[in-house]
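S.K.: What would the 3D arrangement of this be:
(one chain, ligands or ions: 2)
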Amino acid sequence: MANPSLLILPGDGIGPEVMEEVKRVIAWFGDKRSLAFDVSEDLVGGAAYDAHGTPLHDDTMARALQADAVLLGAVGGPKYDDLDFSVKPERGLLRLRKEMDLFSNLRPAQCFDALADFSSLKKDLVAGLDIMIVRELTSGVYFGEPRGIFEEGNERVGINTQRYTESEIDRVARSAFELARRRSNKVCSMEKANVMESGILWREVVQKVHDEDYPDVELSHMYADNGAMQLVRAPKQFDVILTDNLFGDILSDCAAMLTGSLGMLPSASLGAPAANGRPKALYEPVHGSAPDITGQAKANPIACILSFAMALRYSFDQGDEAARLEAAIETVLANGARTADLMGEEGGTPISTTEMGDEILKA
Ligand code: ATP
Ligand code: MG
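M.R.: Ligands and ions are numbered 1, 2, ... in the order given. From the prediction side, this is the model:
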């Protein structure tokens with residue numbers, strides 16, 4: 001059987017720097033665990049614009065659609081700030097998400113024990129925290145029509161429309177329930193059914209999918225504003241949180257900061273399962289291209305390495321190998337290895353991107 005294929009798009013800024021470490025990790029799995037991938041690499045974002053005048057070449061798009069999974073570093077940077085909107089680096093990423101139809105965005109908020117002290121919050125609030133936010137990514141208020149700034153009488157009005165179809169809610173709900181079965185079998189769905197029609201439909205459809213196909217999963221519903229409060233007050237009450245595009249944007253950033261640095265946070269964006277059972281999938285760190293530290297060997301590669309761990313788990317059904325990789329990271333952090341972003345008040349000497357990669361491979 002052919003090896004599973006992985007398309008790597010390092011992108012811009014620290015993207016290529018952190019991806020270098022991921023490539024070493026991937027090679028390690030081939031050497032030591034007989035888990036080989038057919039890895040290919042291509043350009044995205046500003047790097048693609050520099051080479052082709054477009055942030056995502058059609059050939060790259062085609063390769064992404066063919067690949068079993070795509071791993072992306074980061075896009076954008078000050079060099080591209082003045083580009084026309086249509087060729088901005090971010091448009092490359094948006095096109096990938098759209099054409100791959102990645103409707104389910106998974107963002108874990110997981111607190112490594114060794115970093116529980118680092119969090120500015122009380123240690124007992126976040127130690128052992130392990131939640132997953134499932135955010136609908138392709139619809140809702142960021143896409144609904146009508147949208148625009150219009151003249152109305154003698155003033156202007158800005159309009160965005162929150163719009164969800166039953167099938168859009170149905171498919172993202174299924175992905176949350178499937179995920180919950182692999183975790184603690186618990187989903188909390190968040191909307192504002194008290195004041196929004198789309199919220200009423202959301203709650204109804206989520207409940208129906210649950211009752212028909214996932215009655216074994218524990219389901220609760222919460223208004224998103226209360227959810228935000230609960231997330232900060234007592235985050236460990238949650239396992240999987242299912243929510244729409246807008247609330248998910250906010251709640252996932254909020255949850256992320258419970259755990260420490262941006263340099264630690266992975267994400268997955270999944271689409272519909274293909275014939276081979278694998279969903280279309282794009283994995284990327286939550287952080288951006290970090291122009292302020294680019295080229296200084298300071299970037300923390302862990303977010304990108306954890307994104308590869310998510311690929312192992314969700315695209316390649318290698319949950320044990322993903323856990324092996326996560327355990328290595330836990331060990332390294334417990335031993336005190338810190339890139340600059342993880343340095344607390346106590347100080348110390350930070351290690352470089354490559355040194356962090358070395359430590360993880362050793363562990
Ligand atoms: P974008 O617009 O692409 O989201 P941004 O400017 O909002 O980018 P980042 O590029 O993620 O956000 O950078 C935010 C801050 O976090 C910067 O100070 C950056 O140096 C820091 N940072 C981001 N990622 C990392 C990382 N992997 N390691 C260390 N520091 C990081
Ligand atoms: Mg940003």
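S.K.: what about stretch 81-97, near ligand 1?
M.R.: No. Applying Cβ under 6 Å from any ligand atom, one finds stretch 81-97 separated from ligand 1 by no less than 7.5 Å. Bear in mind the C-beta positions are built from the backbone N, C-alpha and C, glycine included.
S.K.: Then stretch 332-345?
M.R.: Yes. Stretch 332-345 lies within reach of ligand 1 by Cβ under 6 Å from any ligand atom, at residue 341.
S.K.: of all of the stretch 251-363 of the chain, which residue lies closest to ligand 1?
M.R.: residue 288 (2.1 Å; Cβ to the nearest ligand atom).
S.K.: for the closest residue in space to that residue that isn't next to it in sequence, what are its contacts?
M.R.: Counting by Cβ to Cβ, 6 or more residues apart in numbering, residue 288 lies nearest to residue 74, which is 5.3 Å off, once chain neighbours are set aside. Contacts for residue 74 were tallied using Cβ atoms under 8 Å, 6 or more residues apart in numbering; they are 11-15, 18, 45, 284-285, 287-290.
S.K.: mind checking the SS state of the nearest residue to residue 203 once chain neighbours are set aside?
M.R.: Nearest non-adjacent residue to residue 203, counting by Cβ to Cβ, 6+ apart: residue 193, 4.5 Å away. At residue 193 the chain is in coil, as set by DSSP: H, G, I helix; E, B strand; the rest coil.
S.K.: Residue 193 contacts residue 199, correct?
M.R.: Yes. With contact defined as Cβ atoms under 8 Å, residue 193 counts as touching residue 199 (3.9 Å).
S.K.: Ramachandran angles for the residue nearest to residue 288?
M.R.: The phi/psi pair for residue 74 (degrees, to the nearest 10) reads phi -160, psi 160.
S.K.: Can you name the residues bridging to it?
M.R.: Residue 74 has these beta-bridge partners by DSSP bridges: residue 11.
S.K.: isn't residue 47 right next to residue 13, touching?
M.R.: No. Between residue 47 and residue 13 there is no contact under Cβ under 8 Å: 9.7 Å.
S.K.: Does ligand 1 have contacts with stretch 266-278?
M.R.: No. Legend: contact between stretch 266-278 and ligand 1 by Cβ under 6 Å from any ligand atom is lacking; minimum distance shown is 10.9 Å.
S.K.: For that stretch, buried residues please.
M.R.: 266-271, 278 (16 or more other Cβ atoms under 10 Å).
S.K.: what's in contact with that stretch?
M.R.: By Cβ under 8 Å, 6+ apart, stretch 266-278 touches 68-69, 97, 100-108, 137, 171, 175, 279-286, 303-304, 306-307, 309-311, 314-316.
S.K.: Kindly report the same for stretch 187-195.
M.R.: 173, 176-177, 180, 198-200, 202-203, 206, 210, 217-225, 227, 238-244, 247, 251.
S.K.: Swap in 7 Å and give it another go.
M.R.: When contacts are defined by Cβ atoms under 7 Å, 6 or more residues apart in numbering, stretch 187-195 is touched by residues 176-177, 180, 199-200, 202-203, 206, 217, 219-224, 227, 238, 240-244, 247, 251.
S.K.: List buried members of these by neighbour count.
M.R.: 176-177, 180, 199, 202-203, 206, 217, 219, 221-224, 227, 238, 240-244, 247, 251.
S.K.: Among these, name the ones in strands.
M.R.: When DSSP state E defines the strands, the subset of these inside them is 219, 221-223, 240-243.
S.K.: Pass me the low-pLDDT residue ranges in the stretch 251-363 of the chain, would you?
M.R.: Scanning the stretch 251-363 of the chain for pLDDT under 70 picks out 345-346.
S.K.: Where do the strands of it begin and end?
M.R.: 266-273, 279-285 (DSSP state E, counting those that start in this stretch).
S.K.: Now render these as CSV, adding distance to residue 351.
M.R.: Below are these laid out as CSV (distance: least, Cβ to Cβ, whole Å):
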stretch, distance to residue 351
strand 266-273, 20
strand 279-285, 18
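S.K.: between those strands, which one is nearest to residue 160?
M.R.: Taking Cβ to Cβ, strand 266-273 is the member of the strands of the stretch 251-363 of the chain nearest to residue 160, at 21.8 Å.
S.K.: angle of that closest one against strand 279-285?
M.R.: Angle, strand 266-273 to strand 279-285, by axes from the mean of the first three to the mean of the last three Cα atoms, to 10 degrees: 170 degrees.
S.K.: these two touch, right, residue 142 and residue 244?
M.R.: No. Counting by Cβ atoms under 7 Å, residue 142 stays clear of residue 244, with 9.8 Å between them.
S.K.: Return the residues of this protein in contact with ligand 1.
M.R.: 14, 18, 76, 262-263, 287-290, 292-293, 299-300, 303, 341.
S.K.: pull the CA atoms of stretch 264-283 into PDB?
M.R.: This file holds the C-alpha atoms of stretch 264-283, laid out as PDB (Å, rounded to 0.1, in the frame of the first residue of the first chain):
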ATOM      1  CA  MET A 264       1.900  26.000  22.100                       C
ATOM      2  CA  LEU A 265      -1.500  25.900  20.300                       C
ATOM      3  CA  PRO A 266      -2.300  23.600  17.300                       C
ATOM      4  CA  SER A 267      -5.400  23.400  15.200                       C
ATOM      5  CA  ALA A 268      -7.100  21.200  12.700                       C
ATOM      6  CA  SER A 269      -9.700  22.100  10.000                       C
ATOM      7  CA  LEU A 270     -11.600  19.100   8.800                       C
ATOM      8  CA  GLY A 271     -14.000  18.600   5.900                       C
ATOM      9  CA  ALA A 272     -16.200  15.700   4.800                       C
ATOM     10  CA  PRO A 273     -14.800  12.200   5.000                       C
ATOM     11  CA  ALA A 274     -13.600  10.900   1.600                       C
ATOM     12  CA  ALA A 275     -14.200   7.400   0.300                       C
ATOM     13  CA  ASN A 276     -11.100   6.100   2.200                       C
ATOM     14  CA  GLY A 277     -12.700   7.400   5.400                       C
ATOM     15  CA  ARG A 278     -10.100  10.300   5.800                       C
ATOM     16  CA  PRO A 279     -11.600  13.700   6.000                       C
ATOM     17  CA  LYS A 280     -10.100  16.500   3.900                       C
ATOM     18  CA  ALA A 281      -7.800  18.100   6.500                       C
ATOM     19  CA  LEU A 282      -5.600  21.100   7.100                       C
ATOM     20  CA  TYR A 283      -3.400  21.300  10.200                       C
END
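S.K.: Kind regards, and thank you for your time.
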